[in-house]
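1. got a predicted model here, sequence first, then my questions.
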Amino acid sequence: QVQLVESGGGLVQAGGSLRLPCAASGGTFTNNNMGWFRQAPGKERDFVAGISWSGGRTWYSDSVKDRFTIGRDNAGFTVYLQMNSLKPENTAVYYCAFGYYGKFDYWGQGTQVTVSS
């Protein structure tokens, strides 16, 4: 059973930065992909960023691709989301996700990110 534990959320002023780490356990190393989604109040959960198991391929939503960076460590089971130039509209619960062959099937409990204006 895959387990995901996020951390790093909090309150930050507009223009600031946050780094969200997520530790995964219980999965297999190869052919997995990890990513981040977010859900703002009253809205659906949206994709933010994804990364392949090797780290060689990343993909982003258009709204964040110039400000957010996704990466994973050498062991491959920790992924992080570096968020720069944060905006109030980035306020949401951010969820770490894990899956195989481009899909996401497992979710963390979420971490709150609040950006004040």
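-> Happy to help now that I have it.
2. check contacts around the residue nearest to the spatial centre of the chain.
-> Residue closest to the average C-alpha location in the chain (CA atoms, centre = their mean): Trp36, at 2.7 Å. By CB atoms under 8 Å, 6 or more residues apart in numbering, Trp36 lies in contact with Leu20, Cys22, Val48, Ala49, Gly50, Ile70, Val79, Leu81, Tyr94, Tyr95, Cys96, Ala97. C-beta here means a position set from N, CA and C on the backbone, and glycine is covered the same way.
3. residues near the residue nearest to Tyr60 when sequence neighbours are not counted, how many?
-> Among residues not flanking Tyr60 along the chain, Ala49 sits closest, at 4.8 Å (CB to CB, 6 or more residues apart in numbering). For Ala49, the tally of surrounding residues (other CB atoms under 10 Å) stands at 24.
4. beta partners of Ala49?
-> Assessed by DSSP bridges, Ala49 has beta-bridge partners Trp36, Tyr60.
5. which residues touch it?
-> Gly35, Trp36, Thr58, Trp59, Tyr60, Ser61, Val64, Phe68, Thr69, Ile70, Leu81.
6. separation between Thr111 and Tyr95?
-> As for Thr111, its distance to Tyr95 is 8 Å (criterion: CB to CB, to the nearest Å).
7. okay, and the common contacts of those two?
-> Shared contacts of Thr111 and Tyr95, defined by CB under 8 Å, 6+ apart, comprise Glu6.
8. strands of this structure, residue ranges please.
-> 3-6, 10-13, 18-25, 32-39, 46-52, 58-60, 68-72, 78-83, 92-100, 106-107, 111-116 (DSSP state E).
9. possible to save those strands as TSV with mean pLDDT?
-> Putting the strands of the chain into TSV (pLDDT from 0 to 100) gives the following:
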stretch	mean pLDDT
strand 3-6	94
strand 10-13	97
strand 18-25	94
strand 32-39	95
strand 46-52	95
strand 58-60	96
strand 68-72	96
strand 78-83	96
strand 92-100	95
strand 106-107	94
strand 111-116	97
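10. neighbours around Met34, how many?
-> Counted with other CB under 10 Å, residues neighbouring Met34 total 28.
11. next one: Asp73
-> Here the neighbour count serves as a burial measure; for Asp73 (other CB under 10 Å) it reads 12.
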